[in-house]
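> From the sequence below, what's the structure:
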Amino acid sequence: MLENLVKQLIEIVGEEYVKTNEPMESHCTFRCGGKAAVYVIPGSIDEVVAVVKAIRGAEVPFMVIGNGSNLLVRDEGYKGVLVEIGSRIAMIDIIGEDIVVDAGAKLSATANAAMESDLAGMEFAHGIPGNVGGAVAMNAGAYGGEMAQIIKWVKVLDQNNEIQTLSLEELELGYRSSRIQKEQLIVLQTRLGLELGSAGEIAMIMQMLMSKRRAKQPLEYPSAGSTFKRPEGHFAGKLIEDAGLRGYTVGGAQVSEKHCGFVINYDHATATDIIQLMDDVQKKVQEQFDVTLEPEVKII
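Numbers count the residues shown, from 1 in each chain. Prediction:
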């Protein structure tokens with residue numbers, strides 16, 4: 001079944017962009033994980049639609065990924081198809097005070113494009129290491145800003161292989177949640193509404209936020225950013241620290257000594273190391289504080 005599907009996918013995107021038994025360590029910011037049975041990289045929105053239609057027709061499991069900055073593939077690998085919406089689908093178009101941007105564009109590149117056009121409102125996104133599609137799907141945010149504040153509409157591919165345009169209200173955006181995740185919609189493009197500002201002032205705010213990140217976060221190690229969602233009424237990092245887990249290690253994985261909310265690939269960690277460490281942290285925090293930590297990282 002997979003062999004026939006691979007032939008179809010090659011016809012759609014070209015042989016160069018269809019890989020089999022693809023190591024995921026080069027596609028995830030954790031820099032570890034198993035292999036994807038099939039890995040395909042469409043080069044346009046039309047190709048995304050055709051690829052997804054072919055996969056669904058073959059009844060093979062699949063997932064769409066972006067920059068892999070919130071993803072961990074188990075060491076056993078992924079037996080289906082991973083579809084990357086990345087740098088091949090990354091148009092950024094400035095229209096007055098709005099930006100229309102493809103799902104594969106990097107969030108940081110979009111924030112920089114806004115700054116260069118004297119558009120304010122995306123400063124919070126400058127240091128988030130993901131693509132626009134993932135940021136929209138999980139309503140990414142930092143330092144008081146989030147995607148829900150700037151989205152006007154989003155084009156998605158639905159379960160019937162139809163393209164829909166959803167308004168901000170229809171997206172049902174919450175803390176790290178959205179209708180996109182609930183209904184497994186695929187983000188294709190979005191329009192962001194910003195406001196006129198000064199490139200110099202915007203750049204200064206971005207630099208200040210980036211300095212905060214470098215001072216507080218273990219950016220020198222591979223990770224997926226904040227490992228757990230913020231529990232209501234608490235901070236995940238504080239709970240983990242108070243549980244005595246700063247620097248706790250399993251194999252090559254570690255609770256960062258710099259910021260306990262980050263699990264890092266400290267020394268050639270496997271995905272199994274990271275998953276076991278996350279499990280240990282969840283159990284310890286549950287035992288000590290009766291708080292359930294929910295992973296922000298998607299494990300497949």
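
> Ends of stretch 125-133, what's the gap?
Using CA to CA, to the nearest Å, the end-to-end distance of stretch 125-133 comes out at 13 Å.

> Where do the helices of the chain begin and end?
With helices called from DSSP state H, the chain shows them at 2-13, 45-58, 107-116, 132-137, 168-171, 179-183, 199-216, 236-242, 271-289.

> Could you say which of those helices is packed most deeply?
Highest mean neighbour count of the helices of the chain: helix 132-137, a mean of 28 (counted as mean count of other CB atoms under 10 Å). No exception for glycine: its C-beta is placed from N, CA and C like everyone else's.

> contacts for it?
For helix 132-137, the surrounding residues in contact (CB atoms under 8 Å, 6 or more residues apart in numbering) are 64-67, 69-70, 85, 101-107, 110, 125, 128, 140, 147, 151, 154, 171, 178, 180-181, 185-188, 190.

> related to what we said a few turns ago, which one, of the helices of the chain, ends up nearest to G252?
Among these, the nearest to G252 by CB to CB is helix 271-289 (5.5 Å).

> Any idea which helix or strand in this structure has the lowest mean pLDDT?
Sorted by mean pLDDT, DSSP states H and E, the helices and strands of the chain end with strand 141-142, the least confident at a mean of 90.

> which residues touch it?
Under CB under 8 Å, 6+ apart, the answer for strand 141-142 is 124-125, 127-128, 147-148, 209.

> and if you look at stretch 200-217?
111, 114-115, 118-120, 123-124, 126-127, 142-143, 219, 256, 258-259, 262.

> Go ahead and build a PyMOL selection from the buried members of those.
In PyMOL, a selection of the buried entries from the contacts of stretch 200-217 looks like this (16 or more other CB atoms under 10 Å):
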select buried, resi 111+114+115+118+119+120+123+124+126+127+142+219+256+258+259+262
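
> Strands - which of the contacts of stretch 200-217 land there?
119-120, 142, 262 (DSSP state E).

> coming back round to it: which neighbours in the sheet does the least confident helix or strand of the chain have, and how are they oriented?
Note on strand 141-142: by DSSP bridges, its sheet partners are strand 145-146 (antiparallel).
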